[in-house]
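[1] Can you look at this prediction? I've put the sequence above it.
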Amino acid sequence: MQELKFEDIPVMDFGNEYTIAGILFKGHNNEPLIVTLPQENIQLQPRLVPVTLDEWNELMQQLDYNNVEGIRGEQKVILRKSQRNVDSKISWTVFKRDNYACRYCGIDHVPLTVDHIITWETGGTTSVENLLTSCKQCNRTRGNLSYDKWLQTDYYKEKSKFLSADVIINNKRILEKLDSMLTTVNVRRR
């Protein structure tokens, strides 16, 4: 059995959107096996779990897993999308600071969400300093665009016409402190 070590997996290539959940590979008799990685702070060795191809396909459909090519041939790295739930206290602090209005278009009569200034996928922290109030439409439209590129889009330029001069200035001031904002890598073994 050829061993794929955790260090061999290019985890950083996936940003912090995924958590390593295990590795699928073909064992001695060419049968599919899953190596599940132990949870943090547990002194256990990874364990082999034999599965059929049908079981594997069913698992992939039922769970929020992605099947990503591993480094060596037939082996696959199983990655699970990590959760990015924002604590409601943090959300409400951001909403209050931003006067319960989208910082991109100014709308205040629709359900609001928070948007990461430094995107979560690139290591942006889920902290008040790295969040802005956003309507769902603006948040979805921005997607994973970096903040500086987002402010240059035609969409933002058109929507920001409805913002007060103070909000526009504050949005641009964020650009000055982007380099000093904290980032984190939310990758952990399971």
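    Received the coordinates, thanks. Keep in mind it's a predicted model, so treat the numbers as computed, not measured. Numbering: from 1, shown residues only.
[2] Strands of this protein, residue ranges please.
    Using DSSP state E, the strands found in the chain span residues 18-26, 32-36, 47-50, 65-69, 76-81, 112-116, 131-135.
[3] The top helix by length along the chain - contacts with which helices or strands?
    Of all segments of type helix in the chain, defined using DSSP state H, the longest is helix 165-177. For helix 165-177, the elements it packs on are helix 147-152, judged by 3 or more C-beta pairs under 8 Å, 6 or more residues apart in numbering; DSSP states H and E. (Each C-beta comes from the backbone N, C-alpha and C, glycine too.)
[4] Determine the set of other helices and strands touching the helix it packs on.
    Packing partners of helix 147-152 (3+ C-beta pairs under 8 Å, 6+ apart): helix 165-177.
[5] angle of the helix it packs on against strand 131-135?
    Per axes from the mean of the first three to the mean of the last three C-alpha atoms, to 10 degrees, the angle that helix 165-177 makes with strand 131-135 is 130 degrees.
[6] What lies in contact with helix 165-177?
    With contacts defined as C-beta atoms under 8 Å, 6 or more residues apart in numbering, helix 165-177 is touched by 103-104, 106, 117, 132, 147-148, 151, 160, 163.
[7] And those residues, which is closest to V86?
    The closest of the contacts of helix 165-177 to V86 turns out to be L132 (C-beta to C-beta; 12.0 Å).
[8] so how far is H116 from the closest one?
    Using C-beta to C-beta, to the nearest Å, L132 is found at 8 Å from H116.
[9] lowest confidence element among the helices and strands of the chain?
    Every helix and strand of the chain was ranked by mean pLDDT, DSSP states H and E. The lowest is strand 65-69, at a mean of 46.
[10] Got the domain ranges for this protein?
    What automatic domain parsing lists as the domains of the chain is 6-81, 88-180.
[11] any idea which of those scores lowest on pLDDT?
    Mean pLDDT values for those show the minimum at domain 6-81, a mean of 51.
[12] Leaving out the residues flanking it, which one is nearest to E129?
    Excluding the flanking residues, the one nearest E129 by C-beta to C-beta, 6 or more residues apart in numbering is M181, at 6.8 Å.
[13] Can you name the residues that contact that neighbour?
    Contacts for M181 (C-beta under 8 Å, 6+ apart) come out as 117-118, 124-125, 129-130.
[14] now these: which count as buried?
    117-118, 124-125, 130 (16 or more other C-beta atoms under 10 Å).
[15] how about those residues, which pair is most distant?
    It's I117 and T125 that sit farthest apart of the buried ones among the contacts of M181, by C-beta to C-beta, at 9.6 Å.
[16] pretty sure T119 contacts N144?
    Yes - contact status for T119 versus N144: in contact at 5.2 Å, counting by C-beta atoms under 8 Å.
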